[in-house]
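**Student:** All I have is the shape, not the residue letters:
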């Protein structure tokens, strides 16, 4: 089981699945939402994700098809979700508090990365989104 929480601990979660992939998203929205060079996300099965402290989760609609969720007390980003993919949440990997391993990592929207950031690892880079 994978566990995580926001910074203040008012929101916590348990995920009964595995982390099978990690995307480092460099799009401008993710950079603004995270306050950093990129957001580190993992698509997870929403049906296997359970939150406590849900009253402290707020979902901000960042476009017509996407919400970004955060803790209303400390501001920690928790996940994003697309309305057209209701069974998937893109969990913010930095909120995970248990140890796990995942070698399937890649960069997306590298074409719009921050001008002040260099990608210096050997993970696959997709200029826009990952091909399926």
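**Tutor:** Great, that's in hand. Not measured: the values here are computed from a predicted model. Residues are numbered from 1 along each chain as shown.
**Student:** Strands of the protein, start to end?
**Tutor:** Taking DSSP state E as the criterion, the chain contains strands spanning 2-5, 12-15, 22-25, 39-45, 49-52, 57-63, 66-71, 77-82, 88-92, 105-108, 124-125.
**Student:** what separates the last one from the chain centre, distance-wise?
**Tutor:** Put simply, strand 124-125 sits 18 Å off its chain's centre (CA atoms, centre = their mean, to the nearest Å).
**Student:** For this structure, which helix or strand comes out least confident on mean pLDDT?
**Tutor:** Here the helix or strand of the chain ranked lowest by mean pLDDT, DSSP states H and E is helix 28-34, holding a mean of 90.
**Student:** what's in contact with it?
**Tutor:** The contact list for helix 28-34 (CB atoms under 8 Å, 6 or more residues apart in numbering) reads 37-39, 41, 62-63, 68, 77, 80, 92, 109, 112, 114. (Each C-beta comes from the backbone N, C-alpha and C, glycine too.)
**Student:** Quick check: residue 82 touching residue 89?
**Tutor:** No - the pair residue 82 and residue 89 does not pass the contact test of CB atoms under 8 Å, sitting 9.2 Å apart.
**Student:** So for those two, which residue has more residues nearby?
**Tutor:** Legend: neighbour count by other CB atoms under 10 Å for residue 82 and residue 89, higher for residue 89 (25 against 14).
**Student:** residues contacting the more buried one?
**Tutor:** 43-44, 46, 49, 79-81.
**Student:** can you check residue 8 too?
**Tutor:** Residues in contact with residue 8 (CB under 8 Å, 6+ apart) are 71, 73-74, 76.
**Student:** so how far is residue 75 from it?
**Tutor:** Applying CB to CB, to the nearest Å, the value for residue 8 to residue 75 is 9 Å.
**Student:** Same check on residue 41?
**Tutor:** Separation of residue 41 from residue 75 (CB to CB): 17 Å.
**Student:** Pick out whichever of these two has more residues nearby.
**Tutor:** Comparing residue 41 with residue 75 by other CB under 10 Å, the one with more neighbours is residue 41, at 23 against 12.
**Student:** quick one: that one and residue 81 touch, right?
**Tutor:** No - using CB under 8 Å as the test, residue 41 is too far from residue 81 to be in contact (11.0 Å).
**Student:** Alright, that wraps it up for me.
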